[in-house]
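Visitor: the following block contains a protein sequence and its predicted model.
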Amino acid sequence: MKALESNTIFKLKNASFAYPFEEPVLKNISFSISKGEMVSVLGANGCGKSTLLKIFAGLLCPQEGVFNAFGNNITEELLLEDKFSKQYHQKIGFIFQDSDVQLFCSTAEEEIAFGLLQLGISEAEVKERICDVINLLNIEHLKDKPPFKLSGGEKKKVAIAAVLAMNPEILILDEPTNGLDPRTQRWLAELLTSLGSAGKTLITSTHNLELVQEISKRAILFNEIHTIAADLPTEKLLSDSKLLLSVNLVDEYYHRHEGSKHSHFHIHNY
Amino acid sequence: MHIPEGYLSPQTTIPAIAAMVPLWAIALNKVKKTLNHKQIPKLALCAAFSFVIMMFNVPLGESSVHAVGAVFVAILIGPWAACIAVSVALIIQAFVFGDGGILAIGANCFNMAVVMPFVGYYTYKLIAGKSKFESKRNMLGIFLGSYLGLNLAALFAAVEFGIQPLLFRGIDGNPLYGYYPLSISVPVMMAEHSFFAGPIEGIITVAAIAYIAKFAPQLLSNNTIQKTSAKESFFTTYKPVILGIVTLVLLSPIGLIATGTAWGEWGADELKEKIGFIPQGLEKLSEIWNAWLPDYSMPGFEGGFLSSSAFYIASAIIGILLVASITYITSKIAMKEQESEN
Amino acid sequence: MKTKHSQNPKQKTNIPLWMLKGNGQYANIQKQTNFLIKTVKELSSIMQNEILSEKFVKSKGYLQMINPLIKLLTLLVFILICSLTKSLITLILLGFITVSLAKLSALNLKDYFKRIWIILPLLVFVFSIPASTSLFSKGVPLFYIYKGLNLNIAGISLPTELYISFSGLIMILKMSLRIGVSVSFAYLLIMTTRWSSITHAFSVLRVPPLIVTIFNMTYRYIFILSKIAAEMMEARFLRTVGSTGGKSNRSFMASRMSILFIKANFLSDEIYNAMRCRGFCGEGVSLYKFKIGKADLLWIANNILILIVLFLGELLT
């Protein structure tokens, strides 16, 4: 893989993607992401967020336009090469929307070990990393349990543990707070913020506007016709209610309180 | 139509496994060459699907009646990949559910993972040709393909266990393995499959493919195996299948050449006479086999069966006591060792 | 036909009136005891709760301690013996061995008997009873079904006597035992061993890695499929009031099968993607290495002794 020439890790130029026999779900997308950025991808359901993330994760290739990662133009053939594929996927940790899809081993411990063993790391180091990551995420009690018996939040934690253990530079998360209870959502937000401060590149797609301002400095907004509506610093984007309404991301009651960093559950009496 | 353990003699099951190994190897090669990485999970999914379909079976005497889905899978990923998919399903069934004997895996795979998908697929291709999915000609092809495939597989199965009483009898003259002859096994299996299971398999496969063609057509468009088979001659394409059948026919009823006496009773001399050579190992083996006398009708029976069965019961009890104590003692030692290690 | 809608000005959506009222009684609600639904649900639950969860794999039992590869090979040897032997006693002994192993490995004996011995061997025995009669097997009569009959039906004369012979009974008993023993050994292997260990044993036995991968993925997908299938059956059951006819059931089956396949295909693609993201390129990996411990040596010794007992037994009788 070519050495990093600039700070750009991902670059899309006029990229479009359509699933077989369907209408394009991404149209003419162009933007770049640099190392260490914390980016949110926003948009209503079905606008193409997941697809975009999968392209970054090396699971899909745009049919039109160019996708460039780490200085290489990414093509289907390139991704089918085992050596390239392994290196590429080691750099990127992808958290799927549906945790069930990501947990395919018999116990949580094996799940975490899977990626590490694929990397060919020594047995001792594998055990050490498993231990560290279990402690970081506080899932010692889940170690020997089969994943399908865990709750939504627990599954998410195991999935994140399995991905973090591989120590990727870039974390891509597809709607990570979906289906999680408020406490786990809070925990996740804090984890992501610390990982971001530690220098990891963070790309998150979400509906959760409370989460967005904490975990990202830049927000990319998709509209319902599958193109980019805006690419702005988070604060600025979130303050533009008209913009958000036009892409059907919020309802007519959306509002923000000035200067608030946290949002609390509260009721307005109208 | 799974054949359970015990219905086929080892002289049938072991050559069947031996015949399947080259077929599996060829199938694996074909799959590696024509299916790319992404198709592998689809193959596994088809295997899982076939497994689930086969779970719904109705016992029918020695065997059972059920849909297989082999032709459905063959239309989706090609007959070679279908061979692997259905074989995997059958092997997992044999281990996990005891459906179909473990030694009988070779024979079961031959029937359901070779005969059915190939006959079904090529019949379908013959009739449907280049017609589009959801057209009448295509649906007819699918129906006839799955119907014929299933019935032919059932016929093979029926023949396999129907010839057992013909070939393998004990000294007392009674069959050692399968005991219902061809005159029963064939009509029963064929009747059930031609009037009941066959039409169901046909209708369901047609409906399923039509549904998929309508709602998820991308699943039907990945069949790349056709590219290579168009250029190969008939013989090259069918050679492995023919090879498999020929091997089976040659190896299995060696007894047919020798007018069916059970293997155990052949002396080395008889074999020499029939085949003209004798492998060293076989000579030793035949002596051990001969020691395995099957009989409860041993000397002393004339004295009334009570005395002989008493002897039998006594030896059984002694055997059980011996086996029990050995197993119990070793397990206890093993457990103690384990605990002291932990 | 125009449905009446609520006239409530506060509501923004047009809720049809029938939804706002109660339902009254539906006549003729029959109990749905479709065997299909029950079968799927039961099998699915056994698979999820016992096989997938590897419930008994962690128990402190004899078989759980043995190296998976050795277990696999031993059990194959026993199955081979079961198939080769012609002696009833050997089969009974083997049966006894399986039961004692089940007990020593902390398996639920009631379930074991119910699933292994009562289902197939019993069915086979019953169906084979005609084979034990003089129609199919020779031998000294044990008891007569009828004697001295001179009957001609449509030009075919029935046999003058029909009896069940002792040798006939023994023959069908052997058949049932063969089936029971062989299925038992497979059951013992599955219940006491992780599936990933069994497939790892395959790869040690030189089975190509692609095939091992396919086995592992298929195993996983079977559970997903059966779970989805059970849920679909449940949903249909909940929406159906009254019984449904055969034709509707068949078309139900066909469309359900296709939907199941399409759903599962999507899911399987996602799972494969997830695996690739963690570096998967076709080769399975395992955290556990196969070691040979004292328990394995004892086990091998145990079985050699048993084999000797069996051989001697056959020689003597």
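Guide: Perfect, thanks for sending it. Residues are numbered from 1 along each chain as shown, chains lettered A, B, ... in the order given.

Visitor: going forward, measure contacts and count neighbours with C-alpha atoms only.
Guide: Will do.

Visitor: what does the strand or helix carrying B:I75 rub up against?
Guide: Secondary structure assigned from DSSP states H and E places B:I75 in helix B:70-77. Helix B:70-77 is contacted from outside by B:43, B:46, B:50, B:79-82, B:86, B:112-113, B:116-118, B:120-121, B:145-146, B:149, B:205, B:209, B:219-220, B:222-223, B:225, using C-alpha atoms under 8 Å, 6 or more residues apart in numbering or on different chains.

Visitor: quick check: next helix or strand after that helix?
Guide: Next element after helix B:70-77 (DSSP H and E): helix B:79-92.

Visitor: now the nearest residue to C:T90 once chain neighbours are set aside: which helix or strand?
Guide: Excluding the flanking residues, the one nearest C:T90 by C-alpha to C-alpha, 6 or more residues apart in numbering or on different chains is C:L310, at 6.3 Å. Taking DSSP H and E as the definition, C:L310 sits inside helix C:294-316.

Visitor: list the buried residues for that helix?
Guide: Across helix C:294-316, burial judged by 16 or more other C-alpha atoms under 10 Å in any protein chain shown covers C:294-300, C:302-303, C:305-306, C:309-311, C:313-314.

Visitor: how far off centre is it?
Guide: What separates the centre of helix C:294-316 from the centre of its chain is 29 Å, taken as C-alpha atoms, centre = their mean, to the nearest Å.

Visitor: elements contacting that helix?
Guide: helix B:305-341, helix C:88-104 (3 or more C-alpha pairs under 8 Å, 6 or more residues apart in numbering or on different chains; DSSP states H and E).

Visitor: list the contacts of the next helix-or-strand element following the shortest one.
Guide: The helix or strand immediately downstream of helix C:88-104 is helix C:109-112, counting by DSSP H and E. Outside helix C:109-112, the residues that touch it by C-alpha under 8 Å, 6+ apart are C:102-103.

Visitor: next secondary structure after helix C:109-112?
Guide: Next along from helix C:109-112, by DSSP H and E: helix C:120-128.

Visitor: the very next helix or strand once past that next one near chain B at all?
Guide: Using DSSP H and E, the helix or strand that follows helix C:120-128 in sequence is strand C:141-146. No: applying C-alpha under 8 Å from any C-alpha of the partner chain, one finds strand C:141-146 separated from chain B by no less than 10.2 Å.

Visitor: which secondary structure elements does strand C:141-146 contact?
Guide: Packing partners of strand C:141-146 (3+ C-alpha pairs under 8 Å, 6+ apart): strand C:162-165.

Visitor: do I have it right that C:S59 meets C:A106?
Guide: Yes: with contact defined as C-alpha atoms under 8 Å, C:S59 reaches C:A106; the gap is 6.6 Å.

Visitor: which one of these two has more residues nearby?
Guide: C:A106 (18 against 15; other C-alpha atoms under 10 Å in any protein chain shown).

Visitor: now that one. Nearest residue, chain neighbours left out?
Guide: C:A106's closest residue in space is C:G61 (C-alpha to C-alpha, 6+ apart), at 5.4 Å.

Visitor: residues in contact with the one you found?
Guide: B:335, C:104-106.
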